[in-house]
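Peer 1: what's the 3D shape of this:
(chains A and B)
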Protein chains: 2
Amino acid sequence: VNGSSREGPALVADPIAETVDEPIVFLNEVMARYPDAISFAPGAPNAQHLAQVDVIGALQRFQEHVVSVGGRSPEQAQLALLEYGPSRGLVNDVFADALRRDEHLDVDPEGIVITVGAQEALLIALRTLCDQPGDAVAVVDPSFPGIVGAARFLGLPTIPVPEGPLGVDAMAFEDIVLRERRRGLRVRVLYVAPDFNNPTGTRMDLASRRALLDVARRQGTKLLEDNVYGFTADPAVRLPSLAALDAEGTVVGVRSLAKVAAPGLRIGMLVPGPAGGRAEVRHLARRFAAMKTMVTVNTPPVSQAIAAGLILACGGSLAELGNSRSEFYRENLRLLLEALDRHLGDEDGVTWNRPHGGFFVRLFLDIAADQRLLEFSAQKFKVLWTPMSFFSLTGRHSNEIRLSCSYLDPDEIETGVERLAAFLREVTSPKSCGV
Amino acid sequence: VNGSSREGPALVADPIAETVDEPIVFLNEVMARYPDAISFAPGAPNAQHLAQVDVIGALQRFQEHVVSVGGRSPEQAQLALLEYGPSRGLVNDVFADALRRDEHLDVDPEGIVITVGAQEALLIALRTLCDQPGDAVAVVDPSFPGIVGAARFLGLPTIPVPEGPLGVDAMAFEDIVLRERRRGLRVRVLYVAPDFNNPTGTRMDLASRRALLDVARRQGTKLLEDNVYGFTADPAVRLPSLAALDAEGTVVGVRSLAKVAAPGLRIGMLVPGPAGGRAEVRHLARRFAAMKTMVTVNTPPVSQAIAAGLILACGGSLAELGNSRSEFYRENLRLLLEALDRHLGDEDGVTWNRPHGGFFVRLFLDIAADQRLLEFSAQKFKVLWTPMSFFSLTGRHSNEIRLSCSYLDPDEIETGVERLAAFLREVTSPKSCGV
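Peer 2: This is a model prediction of the structure:
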């Protein structure tokens, strides 16, 4: 492991910002060149779930709702799909109801901003929360590339925060905030995905969540909570989101329909904090909506309507929409972990974590997992995965890979792991020099 | 007129950036309080055109096209609406064909980026073209608020450029570029809408377009061309767009379906330059697509499909789609100008320009047209308009108002101008102190 930047200074954003998607371009290109490879690379939802989505049916369902519940004429409902709409969104009441039902969040529908996917929500949140020179964003390392991309787009400094077995360690995070303050940077936001983080699959337990909230409150740092994989937890053992634990407005919530419903909807939302008296939360809601006018004006009403129609068809619950899919993902994850045990359980030099949900498993190797190794894996063993270095800000994590179980059909997993095991036996055994 | 910032330094962007939509919020609020007022304020397309858009029909039409021309199965076509798609877009071939047909632009379909309305296109273009400290954006003053908002979102300095009767004067612009360079700012982009600019209705003639292109090429400044109102010109007297006059890649084109079809589609596009050998244009295309991944990842495929379906239904031509609407707008504009002549032709202290297309007429008064005056106009005369100061960066233009003819039905225009004339007679006559 190259440790040179382990405790190093903040990474100042690259002003050119064109390298962010290069690893993804490389990955897509490798996938295209080896179409018969089994790929543990894509973190996208499974296509069989997407095939079940009735786009036109969902649109019609929402339009009927607007007429029957909203008291509009069919012509008015149709016009609302085609006009400029309010920048905060058209379907906020449906989404606020779902948050109340699913996460016991009491939020003001007018405070929510419906965004073009989680990505726009992240961009708007960072721009709003980091508006002074010296403001910085902390991100867990390795991290979801979207948050790094949003920070780069805005030229914001990004502070990597190491991740423990229970996610962000509150005390370690507080030390980083204080260290950066001495260096002249204010950590205004920590991006955190407490449930089965992409790319590591890490989940924060309840005590870690509470401790992180305490530190954030004490240090005046907002927690930008991305909860996109929360729905994959077994309903019996779900944990409250950070937003649900926050009565004061420390947490800004980002939610997305990408995995629960379909990424192509491009529907996310930004939740400024709990409803109630706090002027700061109301002020933030207004600023989010104003910022949105500078990015996309408003989210395409047709997409909003389809998303809302899908939620209404599940009794107004996003969780219910997710439940029909989460069992599939848990089963795929179980198959993946069992196959890893079976084929790699005795292999020296390979270990992995054992998430109880989400799309991802993190493998630790005793060699560097780089683009060359991926190419070799694709060519000789017909199996693909993602180098963890693609997600890292620090140069650490070069000996790790991310496996995703979401995109594959269940019957591909066993064969995929067989190939992966053969590949890893070749490259990680001490005698090997396959590459 | 307060001339203090006439030739003043660049306006450094307000880092808070929450004031951009305040005038719009005020305007909407006044409109809501006076529902029986006739409003020349909204620059939105007429609702009767929107009512003609068959959303589901257009979607189905594009899906059939993907199957019959693209050779996909209906299931694949359906899946493409729901998956993540390429960040540059799904319907680029349809749009590139339309540009070729309508503007004689030879562009590479892979180079176009389909954006969430023109606003996202502006944001991506500014971020890509202004990536070094000291890079600045020039905008005509008064200006479309979207470009100012995008610059503020990015914290970019904005340089106001005065507008003559033929739009941006090339020599005056070159002087500004040179002046700013001496002050340490590089003007990397000029935002320009050559056809019936919002808010002033100004149109550049062919010689002005060519002269501006020459200066931009010489100074290494990109022209960011927003051509949203070009379709409203009489087909017999249309002028080539700046992009169509540019063989070298000086012009970055922004196009939008907001006025031609429907703003709620939120479909725009970014055109990096002409197809052909120029490496710089190809490089720019790749950077635009990479930047897009940091803003919204990709534009909602359903919206793209509806937009493409509407274009296909008009023989693959955006201009053809626009022609069915442009006659209506020219007629409304003619009614507005005739009514102004009839009711205000003899009035001292009121003059206006006479655009041949677009949505807007610019009135010059001999008093300040501010929010208080608008309130008075709404309350006593039941007529609304937009203070030109809402669009100004410089504090000039305080004695002007913008009238829009697009949103009103033809039979409202006469009554609206009667009311406006009564209002103006009261406030602009020397003896009056109506406010």
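Peer 1: could you use CA atoms for every contact and neighbour count after this?
Peer 2: Fine.
Peer 1: tell me the mean pLDDT over the longest helix seen in chain A?
Peer 2: For chain A, the longest helix by residue count, based on DSSP state H, is helix A:318-344. For helix A:318-344, the mean pLDDT works out to 95.
Peer 1: now the helices: where do they sit in chain A?
Peer 2: With DSSP H applied, chain A shows helices at A:22-33, A:47-51, A:55-68, A:74-80, A:92-103, A:117-129, A:145-153, A:170-182, A:206-219, A:279-295, A:301-313, A:318-344, A:371-376, A:410-428, listed in chain order.
Peer 1: which residues touch the third one?
Peer 2: Right, helix A:55-68. Outside of helix A:55-68, the residues within contact range by Cα atoms under 8 Å, 6 or more residues apart in numbering or on different chains are A:72-74, A:77-78, A:302, A:305-310, A:312-313, B:56.
Peer 1: tell me which residues in it are buried?
Peer 2: For helix A:55-68, a neighbour-count test (16 or more other Cα atoms under 10 Å in any protein chain shown) marks A:55, A:58-59, A:61-66 as buried.
Peer 1: what does the shortest one give?
Peer 2: By neighbour count, and taking 16+ other Cα under 10 Å as the criterion, the buried residues in helix A:47-51 are A:47, A:49-51.
Peer 1: which helices and strands does that helix pack with?
Peer 2: Using 3 or more Cα pairs under 8 Å, 6 or more residues apart in numbering or on different chains; DSSP states H and E as the contact criterion, the neighbours of helix A:47-51 among helices and strands are helix B:74-80.
Peer 1: dump the residue contacts of A:Asp97.
Peer 2: For A:Asp97, the contacting residues are A:316-317, taking Cα under 8 Å, 6+ apart as the criterion.
Peer 1: residue of the stretch 301-435 of chain A nearest chain B, please.
Peer 2: A:Pro301 (6.1 Å; Cα to the nearest Cα).
Peer 1: contact partners for the residue lying closest to that residue once chain neighbours are set aside?
Peer 2: Distance criterion Cα to Cα, 6 or more residues apart in numbering or on different chains; nearest residue to A:Pro301, sequence neighbours excluded, is A:Leu81 at 5.0 Å. Contact analysis of A:Leu81 by Cα under 8 Å, 6+ apart lists A:300-302, A:305, B:264-265.
Peer 1: and with 10 Å instead?
Peer 2: The neighbourhood of A:Leu81, defined by Cα atoms under 10 Å, 6 or more residues apart in numbering or on different chains, consists of A:59, A:63, A:90, A:300-305, B:50, B:55, B:262-265.
Peer 1: and what of A:Glu418?
Peer 2: When the contact criterion is Cα under 10 Å, 6+ apart, the partners of A:Glu418 are A:339-340, A:342-344, A:381, A:383, A:424.
Peer 1: of the contacts of helix A:55-68, which is the most crowded?
Peer 2: Comparing the contacts of helix A:55-68 on neighbour count, A:Ala308 comes out first with 29 neighbours (neighbours: other Cα atoms under 10 Å in any protein chain shown).
Peer 1: re earlier: could you dump the buried residues of helix A:55-68 to TSV with pLDDT?
Peer 2: Compiled in TSV, the buried residues of helix A:55-68 are given as follows (pLDDT from 0 to 100):
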residue	pLDDT
A:Val55	97
A:Ala58	98
A:Leu59	97
A:Arg61	97
A:Phe62	97
A:Gln63	97
A:Glu64	97
A:His65	96
A:Val66	96
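Peer 1: now the closest residue to A:Glu110 other than its chain neighbours: how far from A:Leu122?
Peer 2: Distances taken as Cα to Cα, 6+ apart put A:Asn92 closest to A:Glu110, at 6.8 Å, once the chain neighbours are dropped. Distance check for A:Asn92 against A:Leu122: by Cα to Cα, to the nearest Å, it reads 18 Å.
Peer 1: report how many residues lie close to A:Asn323.
Peer 2: Other residues near A:Asn323 number 18, with proximity taken as other Cα under 10 Å.
Peer 1: what stretches of the stretch 201-350 of chain A score poorly on pLDDT?
Peer 2: Screening the stretch 201-350 of chain A residue by residue with the criterion pLDDT under 70, one finds the ranges A:277.
Peer 1: wait, what's in contact with whatever residue of it ends up closest to chain B?
Peer 2: Scanning the stretch 201-350 of chain A for proximity to chain B using Cα to the nearest Cα identifies A:Gly264 as nearest, at 4.0 Å. Under the criterion of Cα under 10 Å, 6+ apart, the neighbours of A:Gly264 are A:50, A:117, A:257-258, A:303, B:79-85, B:297-302.
Peer 1: swap in A:Leu408?
Peer 2: A:Leu408 makes contact with A:38-48, A:329, A:332, A:416, according to Cα under 10 Å, 6+ apart.
Peer 1: among those, give me the pair with the biggest separation.
Peer 2: In those, two members sit farther apart than any others by Cα to Cα. They are A:Gln48 and A:Gly416, at 18.8 Å.
Peer 1: A:Asn92 and A:Leu122: which has the busier surroundings?
Peer 2: A:Leu122 (31 against 20).
Peer 1: was I right to think that one contacts A:Leu270?
Peer 2: Yes: the criterion here is Cα atoms under 10 Å, and A:Leu122 meets it with A:Leu270 at 8.2 Å.
Peer 1: hey, what's in contact with both of the two?
Peer 2: By Cα under 10 Å, 6+ apart, the residues touching both A:Leu122 and A:Leu270 are A:115, A:224-226, A:252-254.
Peer 1: hang on, A:Pro157 packs against A:Val187?
Peer 2: Yes: with contacts defined as Cα under 10 Å, A:Pro157 counts as touching A:Val187 at a distance of 9.3 Å.
Peer 1: make CSV from the helices of chain A and add distance to A:Pro355 to it.
Peer 2: CSV is the format used below for these (distance: least, Cα to Cα, whole Å):
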stretch, distance to A:Pro355
helix A:22-33, 24
helix A:47-51, 22
helix A:55-68, 33
helix A:74-80, 43
helix A:92-103, 22
helix A:117-129, 23
helix A:145-153, 21
helix A:170-182, 21
helix A:206-219, 16
helix A:279-295, 34
helix A:301-313, 28
helix A:318-344, 8
helix A:371-376, 24
helix A:410-428, 17
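Peer 1: which of those helices sits closest to A:Ser398?
Peer 2: Comparing those by their distance to A:Ser398 (Cα to Cα), the top pick is helix A:371-376, with 10.6 Å.
Peer 1: hmm, back to that, ok, the residue of the stretch 301-435 of chain A closest to chain B - contacts?
Peer 2: With contact taken as Cα under 10 Å, 6+ apart, A:Pro301 is in contact with A:80-86, A:89-91, A:114, A:307, B:263-266, B:303.
Peer 1: narrow the residues you listed to those in strands?
Peer 2: Residues of those located in strands (DSSP state E): A:Ile114.
Peer 1: show me what from the stretch 151-300 of chain A comes close to chain B.
Peer 2: For the stretch 151-300 of chain A, the residues found near chain B under the criterion Cα under 10 Å from any Cα of the partner chain are A:151-155, A:258, A:261-267, A:286-300.
Peer 1: hmm, try it at 6 Å
Peer 2: Neighbours of chain B within the stretch 151-300 of chain A, by Cα under 6 Å from any Cα of the partner chain: A:262-266, A:287, A:290, A:294-296, A:300.
Peer 1: B:Pro240: which of those is nearest?
Peer 2: Closest approach between those and B:Pro240, by Cα to Cα: A:Thr296, at 27.8 Å.
Peer 1: measure A:Leu284 to A:Arg101 for me?
Peer 2: 23 Å.
Peer 1: these two: who's more crowded?
Peer 2: Higher neighbour count among A:Leu284 and A:Arg101: A:Leu284, with 20 against 17, using other Cα under 10 Å.
Peer 1: may I have the residues that are in contact with the residue in the stretch 1-150 of chain A that chain B sits nearest to?
Peer 2: Taking Cα to the nearest Cα as the measure, the stretch 1-150 of chain A has A:Leu82 as its residue closest to chain B, at 4.0 Å. Contacts were defined as Cα atoms under 6 Å, 6 or more residues apart in numbering or on different chains; by that measure A:Leu82 touches B:262, B:264.
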